[in-house]
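> Predicted coordinates and the sequence they were generated for:
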Amino acid sequence: MATPLIVNVVELLRRPGNTKDVDVSVGAADLVFDDERMTASDVGVRLHLEALSNGISVHGTTTAEWKGECRRCLTPLVRPMTVEVDEMYQALPDSPDAHVIDNDQINLLPMVRENLLLAIPLGPLCADDCPGFCPQCGTDLKTGPCGCSRPVGDVRWAALDALKERLGDAQE
Ligand SMILES: [Zn+2]
Ligand SMILES: [Zn+2]
């Protein structure tokens, strides 16, 4: 079961300064994300490996696609992402952040997977200025103003109105 993300580093380890480039496209299924936020599109991996005196540094980027929905208007989203990678591989890791060189091989797969999953935005927006729904009538404000009297999109007003309504109810 050869995967391009398992890299033999015998040559690299011969001398500090040796380098190797990994530039591959991997099927999402091969990364076994097991996460519904990832789409089925391929994952790009472009990494520069360099032997140092104490291990192998791995720099570059990985690209993939996530899906989700806008947290304000619930529009389904599918977006590409590019994640910077800056990792260290060592035969005997001297920090908890370092990955292990095992049998003159490094397995980039778990590291790539983790970097991508961590980069998926937790509360994505379809657009930074997505107005979401009117807090009073529920209209999707992207489709236009709803006719409510308040300036739309101002959460302070909305909070104040909600408070007034509740006080009004209490007095009835
Ligand atoms: Zn939105
Ligand atoms: Zn409204």
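Looks like it arrived, so ask away. Ligands and ions are numbered 1, 2, ... in the order given.
> Please look at Val78 and Thr39 and confirm they touch.
Yes - under the criterion of CB atoms under 8 Å, Val78 makes contact with Thr39 at 6.1 Å. C-beta here means a position set from N, CA and C on the backbone, and glycine is covered the same way.
> and for those two, which residues touch both?
Contact with both Val78 and Thr39 is made by residues Glu65, Trp66, Lys67, according to CB atoms under 8 Å, 6 or more residues apart in numbering.
> Among the residues you listed, which lie within helices?
Counting by DSSP state H, the shared contacts of Val78 and Thr39 place none of their members in helices.
> show me where the chain has helices.
Residue ranges of the helices in the chain, as given by DSSP H, are 10-14, 28-31, 109-119, 155-171.
> How about the residues of this structure by ligand 1?
Neighbours of ligand 1 within the chain, by CB under 5 Å from the ion: Cys70, Arg72, Cys73, Thr75, Cys126, Cys130.
> neighbours around Met91, how many?
Let me fix one detail, which is that residue 91 is Ala and not Met. 14 (other CB atoms under 10 Å).
> and if you look at Leu122?
Counted with other CB under 10 Å, residues neighbouring Leu122 total 7.
> I would like the residues contacting stretch 17-35, please.
With CB under 8 Å, 6+ apart, stretch 17-35 has contacts from 3-5, 7, 9, 11-12, 38-51, 60, 64, 108-109, 112-113, 116-117.
> From these, keep the buried residues only.
The neighbour-count test (16 or more other CB atoms under 10 Å) marks 5, 7, 9, 12, 38, 41-47, 49-51, 60, 64, 108-109, 112-113, 116-117 as buried among the contacts of stretch 17-35.
> List the ones among these that fall in strands.
The members of the buried ones among the contacts of stretch 17-35 that map onto strands under DSSP state E are Val7, Val43, Gly44, Val45, Arg46, Leu47, Leu49, Glu50, Ala51, Gly60, Ala64.
> State the distance from the residue lying closest to the first one once chain neighbours are set aside to ligand 2.
Closest residue in space to Val7, ignoring its immediate chain neighbours: Ile106 at 5.3 Å, by CB to CB, 6 or more residues apart in numbering. Distance, Ile106 to ligand 2, using CB to the ion, to the nearest Å: 56 Å.
> Could you check how many residues crowd around Ile106?
When neighbours are defined as other CB under 10 Å, Ile106 has 25 of them.
> go on, Val26?
If you count neighbours by other CB under 10 Å, Val26 ends up with 19.
> Please apply the same query to Asp102.
12.
> what's near enough to touch it?
Taking CB under 8 Å, 6+ apart as the definition, Asp102 has no contacts.
> Kindly report the same for Leu47.
Asp21, Val22, Asp23, Val58, His59, Gly60, Thr61, Thr62, Val85, Leu108.
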